[in-house]
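>>> Predicted model, plus sequence, below.
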Amino acid sequence: DIQMTQSPSSLSASVGDRVTITCQASQDISNYLNWYQQKPGKAPKLLIYDASNLETGVPSRFAGSGSGTSFAVNISSLQPEDVATYYCQQYHNLPLTFGHGTKVEMK
Amino acid sequence: EVHLVESGGAMVKPGGSLRLSCAASRVTFSHVWMSWVRQAPGKGLEWVGRIRSKVDGETTDYGTAGKGRFTISRDDSKDMMYLQIDSLKVEDTAVYYCVTDGVYATTFEYWGQGTLVAVSS
């Protein structure tokens, strides 16, 4: 199975801060990588697909990057509504696997 | 927008069985691949498995935890998907989400609200 390692596991930042979450795959997955946002008590929501494409309706302050084994999602200016847990997910191989999540909190 | 509603979650004893259901609407259900994703309390997401559309063979794939004990099926005449879980274990305790796979089956596009399965003696 492909292991997805996210870091940090949690972070606390202020409104307006730039936030970076990274995701490392245990083998080359090209750009077969998605990001999901899960707000407290809610189902996850697709945020970014194919490593760098924003899902329709996602604010432009979010940006995805990377290929191969190293990926990142950046929030250019953190907003209160961005408080959530973020997960990366690979679809290069079965079984489909997720990272363990990064919890983003507001300072 | 696509609407998914899961049902069938319950508290069950270890060794028992359960069938979860997912009702889909506002989607051409017969065309979509569908997945189950679960989330243990306070934990991350885990892909349980998926079922392809009939035109793609209606075949199934399972994640590591689901092999052998989980069976995914669908009834396109009712726009329904099912997850049969046998020999339930305490570690199967989780919210189970019904999810549509995206157009190219590369994303988890639409999610239901989830149904809770609690396994405890």
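Sure thing, it's come through. Because the structure is a prediction, the values reported are computed rather than measured. Numbering: from 1, shown residues only, chains lettered A, B, ... in the order given.
>>> Enumerate the residues of chain A near chain B.
Where chain A comes near chain B, counting by C-beta under 8 Å from any C-beta of the partner chain, the residues are A:1, A:32, A:34, A:36, A:38, A:43-46, A:49-50, A:87, A:89, A:91, A:94-101. Just so you know, the C-beta spots here come from the backbone N, C-alpha and C atoms, and that holds for glycine as well.
>>> Separate out the buried members of the residues you listed.
Using 16 or more other C-beta atoms under 10 Å in any protein chain shown as the burial test, these include A:32, A:34, A:36, A:38, A:43-46, A:49-50, A:87, A:89, A:91, A:95-101 as buried.
>>> Give me the subset of those that lies in strands.
A:34, A:36, A:38, A:45-46, A:49, A:87, A:89, A:97-98 (DSSP state E).
>>> a markdown table for the residues you listed, including pLDDT?
A markdown table is the format used below for these (pLDDT from 0 to 100):
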| residue | pLDDT |
| --- | --- |
| A:34 | 98 |
| A:36 | 98 |
| A:38 | 98 |
| A:45 | 97 |
| A:46 | 97 |
| A:49 | 97 |
| A:87 | 98 |
| A:89 | 98 |
| A:97 | 98 |
| A:98 | 98 |
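>>> Which two of the residues you listed have the greatest separation?
Maximum pairwise distance among these (C-beta to C-beta): 18.8 Å, between A:45 and A:97.
>>> At the geometric centre of the chain, which residue do we find?
The chain I'm using is chain A. Nearest to the mean C-alpha position of chain A, counting by C-alpha atoms, centre = their mean, stands residue A:35 at 4.1 Å.
>>> Please refer instead to chain B.
The centroid of chain B falls nearest to residue B:36 when counting by C-alpha atoms, centre = their mean (2.9 Å).
>>> Before we move on, what's the pLDDT of it?
At residue B:36, the model reports a pLDDT of 98.
>>> For beta bridges, what are the partners of it?
residue B:49, residue B:98 (DSSP bridges).
>>> What segments of chain B are strands?
Secondary structure of chain B by DSSP E: the strands cover B:3-7, B:11-12, B:18-25, B:34-39, B:45-51, B:60-62, B:70-75, B:80-85, B:94-101, B:108-111, B:115-119.
>>> Now do the second one: everything it contacts.
Counting by C-beta atoms under 8 Å, 6 or more residues apart in numbering or on different chains, strand B:11-12 makes contact with B:18, B:88, B:117-120, all of which sit outside it.
>>> Swap in 10 Å and give it another go.
If you take C-beta atoms under 10 Å, 6 or more residues apart in numbering or on different chains as the criterion, strand B:11-12 is touched by B:18, B:85, B:88, B:92-93, B:116-121.
>>> in its sheet, what does it sit against?
Strand B:11-12 has the following strand partners under DSSP bridges: strand B:115-119 (parallel).
>>> So what angle separates the directions of the partner strand and strand B:80-85?
Interaxial angle of strand B:115-119 relative to strand B:80-85 (axes from the mean of the first three to the mean of the last three C-alpha atoms, to 10 degrees): 10 degrees.
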